[in-house]
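1. Would you be able to build a 3D model of this:
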Amino acid sequence: MTELIQKKLSDSKAARWTALALVAFTMLCGYILTDVMSPLKPMLEEELAWSSTDFGIFTSAYGWFNVFLLMLIFGGMILDKMGVRFTGLGACTLMVIGCVIKYSAVAGYIGGEGTVLGIKSQVAYASLGYAIFGVGVEIAGITASKIIVKWFKGKELALAMGLEMATARIGTMLAMAITVPFAKYFNNVAAPVLLCLIMLCIGFISFFIYTCMDRKLEASTNAEEEEADEPFRFSDIKLIITNKGFWLIALLCVLFYSAVFPFLKYATDLMVNKYNVEEELAGFIPSLLPLGTLFLTPFFGNLYDRKGKGASIMMLGAVMLIGVHLLFTLPILNEWWFATLVMIVLGVAFSLVPSAMWPSVPKIIPEKQLGTAYALIFWVQNWGLMGVPALIGWVLDKYCKLDNSAGGPAYDYTLPMAIFMCFGILALFVAILLKREDKKKGYGLELPNIKK
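-> Numbering: from 1, shown residues only. The predicted model follows:
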């Protein structure tokens, strides 16, 4: 008998998981470039005469335009008004443009001698490219989140978000593990950035293929009609920012990620200076963090989908984060194997919080406002991604520089690790407040995502 009921394309498991794979691969390509310079800090100091402050300025550039020009917020508005196809393709274009500028600067094609606004010319141009890329990859991130909600709402939402994050972390893992060997093989510090440019172009093609699937989904659900009926309104921003649950999620996000992503920027240098790991191998230990998330984030996401306990999961992750940075702070067991074990624990913490945090947003914010809500959360997060790396670079140069004329460590990382631990303590406090707010408002953060 012919099926009379029209099913949505997202009801097909094969279709929705294929759509997720295409989008996740694009994010993987973006995250390679996000962290590709992190293991190169010692080489940048040796070959290009960058200081820790220069490196901190460059790393902070990721959030310049997102924070000060409000590009992320505008991106969220565009996402809610124009849809995922237009916004995603625009974000991919910005990532490619930013990478071209960044590569040109690091390779020496632009930004020679002199300074720009008091910053070394080469550092300034590399930072400009990274800032443009930062706009693209962050808008791509909120677009990916809305795409997953679009295809998986009422289904395996947290598992899908966990798998997307896990795939993106493969990009981080590759950046940490292969960057220095790749640069040394070609005897060129810019070679890994060129590799990232090639990967970004492939990621653009992957997202373009996804847009064809998205058209078919909308044809099967009349989603375009629904979006046209409820266009973005500026009043939506007021509804979001007056929601206490939204602010608790946003604060948890910025505090947690400020203790992880900026740490990763300096983790390779930490391995060299505190744990005496060879420069060529130092990136492999931080790469264990994203490797662990590859398996654990989907696992915890699936647990949240089926059992709930989202707020409790976030609290546990924050407690583990505090413990990890405390162990990195203490002057004990300065051995590579100890650093490896601690990094693995950090990987578990890094899996716990995002696996529950991002799928919780649709429980607090209506779907038609999700693009703007995710954009505002990412905007708050970018204050940390911009400010903390610059702070750590300044602290290293100001208070932590050592006399390594005899070939010893160049920096003492005790104070920077203590700063990261403080972010973990604040994250735990906010997670406790979020659980209390969930009990008051009944968001359902402790309830399963899959509806029976």
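
2. So C400 sits against D412, correct?
-> Yes. Between C400 and D412 a contact is recorded at 4.7 Å, counting by Cβ atoms under 8 Å. C-beta coordinates here come from the backbone N, C-alpha and C atoms, glycine included.

3. Next one: the residue nearest to T268 when sequence neighbours are not counted relative to K184, how far apart?
-> In this structure, T268 finds its nearest non-sequential neighbour in P39, 4.3 Å apart by Cβ to Cβ, 6 or more residues apart in numbering. Distance of P39 to K184, given as Cβ to Cβ, to the nearest Å: 11 Å.

4. More neighbours: these two, which one.
-> P39 (32 against 14; other Cβ atoms under 10 Å).

5. mind checking pLDDT for that one?
-> Note for P39: predicted pLDDT of 87.

6. And what about it, helix, strand or coil?
-> helix (DSSP: H, G, I helix; E, B strand; the rest coil).

7. pretty sure it is touching M173, no?
-> No. Using Cβ under 8 Å, P39 is not in contact with M173; the gap is 11.4 Å.

8. Could you pull out the residues contacting both of these two?
-> With contacts defined as Cβ atoms under 8 Å, 6 or more residues apart in numbering, no residue is shared by P39 and M173.

9. Give me the neighbour count for I97.
-> Neighbours of I97 under the rule other Cβ under 10 Å: 16.

10. Going by contacts, tell me the helices and strands next to the strand or helix carrying E46.
-> Secondary structure from DSSP states H and E places E46 in helix 41-47. The elements that helix 41-47 packs onto, with contact taken as 3 or more Cβ pairs under 8 Å, 6 or more residues apart in numbering; DSSP states H and E, are helix 52-60, helix 261-273.

11. Any chance of a markdown table for those helices, columns mean neighbour count, distance to G88 and mean pLDDT?
-> Shown next, in a markdown table, are the helices and strands packed on helix 41-47 (neighbours: other Cβ atoms under 10 Å; distance: least, Cβ to Cβ, whole Å; pLDDT from 0 to 100):
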| stretch | mean neighbour count | distance to G88 | mean pLDDT |
| --- | --- | --- | --- |
| helix 52-60 | 25 | 25 | 89 |
| helix 261-273 | 25 | 22 | 88 |
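
12. In CSV: those, plus distance to P286.
-> Listed next are the helices and strands packed on helix 41-47 as CSV, based on distance: least, Cβ to Cβ, whole Å:
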stretch, distance to P286
helix 52-60, 15
helix 261-273, 4
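
13. The ones you listed: which one's closest to A24?
-> Closest to A24 of these is helix 261-273 (Cβ to Cβ; 18.6 Å).

14. Run the chain-centre distance for the helix or strand that that closest one is followed by.
-> Counting by DSSP H and E, the element after helix 261-273 in chain order, helix or strand, is helix 279-282. Relative to its parent chain, helix 279-282 has a centroid offset of 24 Å by Cα atoms, centre = their mean, to the nearest Å.

15. same check, this time on stretch 73-87
-> The answer for stretch 73-87 is 19 Å, by Cα atoms, centre = their mean.

16. you'd agree A166 is up against L289?
-> No. Using Cβ under 8 Å as the test, A166 is too far from L289 to be in contact (12.0 Å).

17. Now do the strands in the chain.
-> 115-116, 119-120 (DSSP state E).

18. Need the residues that contact the last one.
-> Among residues not part of strand 119-120, those counted as contacts by Cβ under 8 Å, 6+ apart are W50, D54, I57, G111, S127.

19. Same question for the first one.
-> Under the contact criterion Cβ under 8 Å, 6+ apart, strand 115-116 has outside partners S121, A124, Y125.

20. where in this structure is pLDDT low?
-> For the chain, the stretches with pLDDT under 70 are 1-7, 222-234, 292, 406, 451-452.

21. OK, contacts around E45?
-> Listed by Cβ under 8 Å, 6+ apart, the contact set of E45 reads S51, S52, F55.

22. which non-adjacent residue is nearest K102?
-> Nearest to K102 is G129, by Cβ to Cβ, 6+ apart, at 3.2 Å.

23. Quick check: that neighbour touching I101?
-> Yes. Proximity of G129 to I101 meets the contact threshold set by Cβ under 8 Å, at 3.1 Å.

24. Compare these two and say which is more crowded by neighbours.
-> G129 (25 against 21).

25. Now for that one: which residues touch it?
-> G98, C99, V100, I101, K102, Y103, S104, A105.

26. mind redoing it with 7 Å?
-> The neighbours of G129, taking Cβ atoms under 7 Å, 6 or more residues apart in numbering as the test, are G98, C99, I101, K102, A105.

27. For A24, which non-adjacent residue is spatially closest?
-> Here the residue nearest A24, using Cβ to Cβ, 6+ apart, is T167, at 3.8 Å.

28. before we move on, what about F256?
-> Per Cβ to Cβ, 6+ apart, closest to F256 is A427, 4.6 Å.

29. isn't that neighbour right up against V254?
-> No. The criterion here is Cβ atoms under 7 Å, and A427 misses it with V254 at 8.9 Å.

30. which one of these two has more residues nearby?
-> Remark: of A427 and V254, A427 carries more neighbours, 29 against 24, as counted by other Cβ under 10 Å.

31. can you pull out the helices in the stretch 351-452 of the chain?
-> Per DSSP state H, counting those that start in this stretch, the stretch 351-452 of the chain carries helices over the ranges 370-399, 414-441.

32. which of those helices sits most buried?
-> Among the helices of the stretch 351-452 of the chain, helix 370-399 has the highest mean neighbour count (mean count of other Cβ atoms under 10 Å), at a mean of 23.
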